[in-house]
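1. pasting the structure only:
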């Protein structure tokens, strides 16, 4: 029987210490942190404002109050953030593939 060639073991320490990996982490952090903070601030503003103030009770369009407009805007905000993240994640995936190629060869 033929012996199989042992696959090159992955050196995760080398990957973590590489400049490309550090660049990937930095770019991900610079993208995800501000968007996450914005999401949480926007998301929790509605329940806080409706619970402790009457600011959103005034009519915006006919009988529709600003609370309903704000609530609908949360759906739009979520979709927009998902689209933005999906597009940026594709760029992150390219960077990961480059790191893998570099480590293999």
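-> Ah, there it is. Keep in mind it's a predicted model, so treat the numbers as computed, not measured. Residues are numbered from 1 along each chain as shown.
2. sec struct for residue 96, please.
-> helix (DSSP: H, G, I helix; E, B strand; the rest coil).
3. Not including adjacent chain positions, what is the nearest residue to it?
-> Counting by CB to CB, 6 or more residues apart in numbering, residue 96 lies nearest to residue 24, which is 6.9 Å off, once chain neighbours are set aside. The way it works is simple: take the backbone N, C-alpha and C, and place the C-beta from them, glycine included.
4. Now do the buried residues in stretch 21-41.
-> For stretch 21-41, burial by neighbour count (16 or more other CB atoms under 10 Å) applies to 21, 24, 31.
5. Residue 46 and residue 74 touch, don't they?
-> Yes: using CB atoms under 8 Å, residue 46 is in contact with residue 74, at 6.6 Å.
6. returning to that earlier point: so which helix or strand takes in the residue nearest to residue 96?
-> helix 19-52 (DSSP states H and E).
7. Which other helices and strands does that helix contact?
-> Packed against helix 19-52 by the contact rule (3 or more CB pairs under 8 Å, 6 or more residues apart in numbering; DSSP states H and E) you find helix 66-104.
8. List the buried residues of the helix it packs on.
-> 66-67, 70, 92, 99, 103.
9. elements contacting it?
-> So helix 66-104, by 3+ CB pairs under 8 Å, 6+ apart, packs with helix 12-17, helix 19-52, strand 59-61.
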